[in-house]
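Enquirer: have a look; sequence and predicted model below, questions after that.
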Amino acid sequence: MLGKTEGIVLRTSDYGEGNKILTVYTKEMGKVGMMAQGARKTKSRFAAVSQPFTHAFFLFHIGSGLASLNQADLIQIFPHIRGDLYRTAYASYILELTDRMSEERKKNGGLYQLLLHSLHQLEDGKDSEIICRIYELKLLSMHGYKPILDTCASCRKGQSPWFFSIREGGLLCESCRRKDPHAMLLSDGVTRILSIIQNLDISHLGKITVKRETKQQLQKIMYLFMDEYTGIRLKTRTFIDQLEKMEQYFPRKENEDAENRQS
């Protein structure tokens with residue numbers, strides 16, 4: 001049986017003399033593993049589509065095991081992501097997270113569009129960390145782990161100051177804080193941003209400026225929440241942590257204007 005669909009390459013691995021196994025998140029079939037014969041050879045017809053971040057149309061033969069790639073037509077390779085170490089790191093995190101939280105050959109058109117729009121926003125120079133936080137929240141919601149961010153997770157009312165409880169799965173008001181002594185006090189900025197990005201369509205993300213302290217607290221909350229409810233440990237997260245430690249020596253430009261990146 002033949003399959004034909006557009007997809008995004010999540011990861012690749014070498015196989016045998018000159019082959020590659022591609023893990024592709026497709027629009028029509030979800031995550032699909034494909035054998036690309038001869039893809040490691042310089043003149044291979046599959047060489048251009050055998051790298052992560054590649055968006056292409058794939059024609060493949062479907063069997064009981066790995067699919068066999070027959071043809072691939074390149075759509076885009078996201079050159080601005082590939083040309084920037086930080087954006088490569090955050091995009092790789094999104095790809096690895098998608099791979100680890102996706103079942104083989106289980107279609108999810110919403111996740112495919114979320115992934116594609118997120119890569120477009122990274123390519124256009126939007127804030128990488130905020131894009132990752134949006135992606136995490138949306139992906140968690142798709143898997144039934146949506147944190148409660150619009151009201152108190154316990155009494156369903158209450159008011160600020162707000163605390164974030166990993167155990168209770170969202171915000172707690174001051175009256176309910178006693179239910180979790182480890183609940184973290186949130187700044188008004190973090191509470192507001194969490195509520196906004198949980199409901200935001202990522203394709204409509206405009207230019208956004210968020211304080212470094214706010215980003216750090218957002219990251220801490222999301223990492224702890226994901227550790228608790230998914231148990232996934234990502235190699236790319238370790239790499240991002242190392243890059244962030246290097247920033248004091250090699251500072252990066254935040255929120256670069258998309259037009260400047262494209263000039």
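Expert: Here it is on my side, so go on.
Enquirer: number of nearby residues for residue 89?
Expert: 20 (other Cβ atoms under 10 Å). From N, CA and C alone the C-beta is placed, and that goes for glycine too.
Enquirer: actually, residue 21.
Expert: Other residues close to residue 21 by other Cβ under 10 Å number 18.
Enquirer: helix, strand or coil: sort out it for me.
Expert: Look at residue 21: counting by DSSP: H, G, I helix; E, B strand; the rest coil, its state is strand.
Enquirer: surely it meets residue 32?
Expert: No. With contact defined as Cβ atoms under 8 Å, residue 21 and residue 32 do not form a contacting pair (10.9 Å).
Enquirer: overlap in contacts of these two?
Expert: Shared contacts of residue 21 and residue 32, defined by Cβ atoms under 8 Å, 6 or more residues apart in numbering, are absent.
Enquirer: quick one: low-confidence ranges for the chain?
Expert: 248-263 (pLDDT under 70).
Enquirer: out of all of them, which helix in it is the longest?
Expert: In the chain, ranked by residue count with DSSP state H as the criterion, the top helix is helix 212-229.
Enquirer: the inter-axis angle of the next helix or strand after that helix versus helix 212-229?
Expert: Toward the C-terminus, helix 212-229 is succeeded by helix 235-246 as the next helix or strand (DSSP states H and E). Counting by axes from the mean of the first three to the mean of the last three Cα atoms, to 10 degrees, helix 235-246 lies at 150 degrees to helix 212-229.
Enquirer: counting by contacts, list what helix 235-246 packs against.
Expert: If you count contacts as 3 or more Cβ pairs under 8 Å, 6 or more residues apart in numbering; DSSP states H and E, helix 235-246 packs onto helix 85-100.
Enquirer: ok and the helix or strand following the helix it packs on relative to helix 85-100, angle-wise?
Expert: Downstream of helix 85-100, the first helix or strand assigned by DSSP H and E is helix 109-123. Here the directions of helix 109-123 and helix 85-100 differ by 170 degrees (the same axes, to 10 degrees).
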